[in-house]
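Asker: What shape does this take:
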Amino acid sequence: MSRRYLLAAGAGAMVSACGGSTATTSAPAVPVSAQGTNQEIIRKWYAAWEQPDWGPLDALMADDFTFSSAAGDDHIDKSTYKAQCWESQKGRIERFDLELVSVTGDEALVKGSCRTKKGKTFRNVEYFRFKDHKIEAIECYFGDATSGYPSATDKKG
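Answerer: Sure thing, here's the model as predicted:
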């Protein structure tokens, strides 16, 4: 069984565990307008990573934003995220291809792949939590432990 298959199966299990569906957008637990707003925020988030400007990302984040990942990031705050994640990765991303965006109320799961400007790709699953139409938290689950972010793909053979 391939790691890609397990990642896809794991994402589906996570969506089901959160009460969602693996469809593009799950059945509304809140009014459709709020759900569309959270999905729009997600799409703006990934589009903003394709630009070398912190402002659009910052505007989407709650003041008490936290980020967690297997790379040693344990609920880091917005300023630490900017210093550790944004500054080292900005300008490396060509595009994101979102394969799954499943929103249920103020939570979402996103599965996708990223293509770097050096032609490398990596895949991740990210859990989003929203508060007052802002991203309150993101938990990143790397699809490949050796290349789950743009600069790591430079080390990949």
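Asker: avg pLDDT for whichever strand or helix holds residue 58?
Answerer: Residue 58 is part of helix 54-60 when elements are defined by DSSP states H and E. Mean pLDDT, helix 54-60: 96.
Asker: Can you name the residues in contact with that helix?
Answerer: The contact list for helix 54-60 (C-beta atoms under 8 Å, 6 or more residues apart in numbering) reads 41, 44-45, 47-49, 78, 82, 86, 90, 134-135. Bear in mind the C-beta positions are built from the backbone N, C-alpha and C, glycine included.
Asker: Would you mind finding the longest helix in this structure?
Answerer: helix 32-49 (DSSP state H).
Asker: still on that earlier bit, tabulate the CA atom coordinates of the helix holding residue 58 in CSV.
Answerer: Output of helix 54-60 as CSV, limited to C-alpha atoms (Å, rounded to 0.1, in the frame of the first residue of the first chain):
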residue,chain,number,x,y,z
TRP,A,54,3.1,39.0,4.3
GLY,A,55,0.2,41.4,4.4
PRO,A,56,-2.5,39.3,2.8
LEU,A,57,-1.7,36.3,5.0
ASP,A,58,-1.6,38.5,8.1
ALA,A,59,-5.0,39.9,7.3
LEU,A,60,-6.5,36.4,7.2
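Asker: Please spell out which residues along it are buried.
Answerer: Neighbour-count burial for helix 54-60 flags 57, 60 (criterion: 16 or more other C-beta atoms under 10 Å).
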